[in-house]
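>>> Provided below for reference: sequence and predicted model.
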Amino acid sequence: MKKIFVQGLVAGALSSLASVIYLNIYQGTLLTDFDKIINVGSIIGSSFIGCMLIALGYIILCKLDKTNFQGWLNVLICVLSFASIIGPIGMALPLDIEFPELFPGLVVPMHFFPALAYFTIQPFFQQIKIQIK
């Protein structure tokens, strides 16, 4: 359980780092400023929350001794990541924001960073035994 919790924290840190780098590159390249809507603190917080929720799902699987359902949990995580983009796409932005059409291009990819970070580092935390017959 502790290993899964640490994996969630590491994935949260990587997801946060990727999101903040993406924010700076996106806003710098397109000369936009969405600081009134989204800031670094909220990005870091949501990245950690997302990764810790994924870790919680894995902890529940372990507690219930249903680790053979990991594939289904991964599918659920992907479906929820896709469902989470509905909010930013339909969000009404303040009228004084320049280039509001660029906002979804900033935040939609960030919704996939927690799952991507968690799945990327999973092999480092989980030893898979391969049997060759």
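Cool, the structure landed.
>>> Provide the contact partners of the lowest-mean-pLDDT helix or strand in the chain at residue level.
Lowest mean confidence among the helices and strands of the chain (mean pLDDT, DSSP states H and E): helix 86-89, at a mean of 90. The contact list for helix 86-89, computed with Cβ atoms under 8 Å, 6 or more residues apart in numbering, reads 103-104, 107-108, 111. C-beta coordinates here come from the backbone N, C-alpha and C atoms, glycine included.
>>> likewise stretch 53-62?
1, 4-5, 7-8, 11, 67, 69-70, 73, 76-77, 114-115, 118.
>>> please redo it, this time with the cut-off set to 7 Å
With contact meaning Cβ atoms under 7 Å, 6 or more residues apart in numbering, stretch 53-62 is reached by 1, 4-5, 7-8, 67, 69-70, 73, 77, 114-115, 118.
>>> on that earlier part again, buried ones only from the contacts of helix 86-89, please, as a PyMOL command.
Buried members of the contacts of helix 86-89, defined by 16 or more other Cβ atoms under 10 Å, are picked up in PyMOL with:
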select buried, resi 103+107+111
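>>> The contacts of helix 86-89: which two are farthest apart?
Farthest apart among these by Cβ to Cβ are Phe103 and His111. That separation is 12.9 Å.
>>> buried sites along the longest helix belonging to the chain?
Determined from DSSP state H, the single longest helix within the chain is helix 2-30. Residues of helix 2-30 classed as buried by neighbour count (16+ other Cβ under 10 Å): 4, 7-8, 10-16, 18-19, 22-23, 26-27.
>>> what does stretch 67-75 give?
Quick answer for stretch 67-75 (16+ other Cβ under 10 Å): 73-74.
>>> Ok, stretch 60-68 next?
Those would be Leu61, for stretch 60-68 by 16+ other Cβ under 10 Å.
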